[in-house]
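**Q** Need a 3D model of the following:
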Amino acid sequence: MSLRPMSAPKLGWLRNDAEATFEFHLFNGIQGVVKDPRDGATVIDCYTEFNIAPAAEIDFDLDNATPASGALRKRCQALIESVEHSLGGLAVGQVQLRAECGSGFSADLVAHKEVRDTYLNTAAAADLRGRVGEEVSFGGITFRRYRGGLGFGEPTDKAYFYPEGVEGLFEIYHAPADTFETVNTLGLPLYARMIPDRDRDEWVRLEIESNPLPICTRPQVLRSARRT
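**A** As a prediction, this is how the structure comes out:
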């Protein structure tokens, strides 16, 4: 499809909107749900679909002013072992967990005595400054402050955990566009088309379309935690 010069920026803006929608789906995918980006209503609850009880939310006790020595590291270890158990035979080698954290959870994690004592006086001490997008690894888990800012209502006091490197854990299926041209074809991630002014031939309207179905195929391995 060839586009007029002024059409390319417009198509770029539309693509950015689509990327924000994809991000919305990915963020909800690590929670085991599929939501409608228009109103945030849950469309599919993977736990219900697979008849699986979600794991209990973990209290990370990050506001404890006098935590027991090693308590946070033990909590991380117990979480990893819990995920390993849920993975069963899929847990080949060391399980690497990642966590997408709300701003409140991330701030208290970085300020926690165990985390600070681990990083201070090391080359990685700069990670404690908490710049947007930085990651902090502790207790075998990589924690990232979720940058969000997309109006998804991200809980600031929560963190969502998922294992990396598990083939097929998250899948996105795409349905064809709603046109006769795409009937009986494999769905593509994005469709772009120009709709011309058939009355006066003075303009064209650019549209993009995407019909994704993101899903977590093994929601039993997902975990969530609260700051306190």
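**Q** Check the protein and tell me which residue is nearest its centre.
**A** The centroid of the chain falls nearest to Phe27 when counting by C-alpha atoms, centre = their mean (2.9 Å).
**Q** and it, helix, strand or coil?
**A** For Phe27, the assignment made with DSSP: H, G, I helix; E, B strand; the rest coil gives helix.
**Q** Isn't it up against Pro155?
**A** No - applying C-beta atoms under 8 Å as the test, Phe27 and Pro155 come out as separate, 10.9 Å apart. Using the backbone N, CA and C atoms, a C-beta is placed for each residue, glycine as well.
**Q** element containing the residue of the chain most remote from its centre, please.
**A** Ranked by distance from the centre of the chain (C-alpha atoms, centre = their mean), the top residue is Arg200, with 45.5 Å. Under the criterion DSSP states H and E, no helix or strand holds Arg200.
**Q** pLDDT weak spots in the chain?
**A** Residues of the chain that meet the criterion pLDDT under 70 lie in 1-8, 91-93, 121-133, 148-154.
**Q** At which residues are the helices of the protein located?
**A** 7-29, 46-49, 71-87, 103-111, 113-119 (DSSP state H).
**Q** Can you give me the buried ones in the last one?
**A** In terms of neighbour count (16 or more other C-beta atoms under 10 Å), helix 113-119 has its buried residues at 114-115, 118-119.
**Q** Report how many residues lie close to Thr66.
**A** Thr66 has 5 neighbouring residues, counting by other C-beta atoms under 10 Å.
**Q** so how far is Lys113 from it?
**A** Relative to Lys113, Thr66 is positioned 9 Å away (C-beta to C-beta, to the nearest Å).
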